[in-house]
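Q: just to be clear, the model below is a prediction. Sequence and coordinates:
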Amino acid sequence: MIIRSWKARTARTKFETYVRHFRETVVPELANIPGHVGAYLLRRNAGAHVDVLVLTLWESMEAVAVFAGKRTGKAVVNPAAQALLESFDTTVEHYEVAFSTTRSPI
């Protein structure tokens, strides 16, 4: 399994709107991609801001490429999400799961 990691920052006042966007737009889009396994949206309060960490789970790098295209290291951030964020990484990191105690269909 592959974990795709991406970071962003938003104003505390916009975080819940970002969560709604993620839940109602991003998650359904990801669910339609073969090889997508799941997603986590994590937050860390940082004063008036919220640091955001998105982890998406994939069966393989081939599945990631279906989502991200040939440049799998480039972030995919739609304009609606960009409008809610103060800053975001334009690149992502991929990690291969070497061990997990999480129950998974894989």
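A: Everything's here; your move. Numbering: from 1, shown residues only.
Q: tell me where this structure has strands.
A: Taking DSSP state E to define them, one finds strands in the chain at 2-11, 36-46, 49-58, 87-88, 93-96.
Q: these: which one's closest to R23?
A: strand 36-46 (8.1 Å; Cβ to Cβ). For the C-beta atoms, the positions are set from N, CA and C on the backbone; glycine is no exception.
Q: from the opening residue of stretch 72-87 to its closing one, how far?
A: 20 Å (Cα to Cα, to the nearest Å).
Q: Throw the strands of the chain into a markdown table and include mean neighbour count and mean pLDDT, thanks.
A: Below are those laid out as a markdown table (neighbours: other Cβ atoms under 10 Å; pLDDT from 0 to 100):
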| stretch | mean neighbour count | mean pLDDT |
| --- | --- | --- |
| strand 2-11 | 18 | 98 |
| strand 36-46 | 14 | 96 |
| strand 49-58 | 20 | 98 |
| strand 87-88 | 14 | 97 |
| strand 93-96 | 12 | 98 |
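Q: would JSON lines of those strands with distance to K74 be doable?
A: Below are the strands of the chain laid out as JSON lines (distance: least, Cβ to Cβ, whole Å):
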{"stretch": "strand 2-11", "distance to K74": "10"}
{"stretch": "strand 36-46", "distance to K74": "17"}
{"stretch": "strand 49-58", "distance to K74": "14"}
{"stretch": "strand 87-88", "distance to K74": "12"}
{"stretch": "strand 93-96", "distance to K74": "12"}
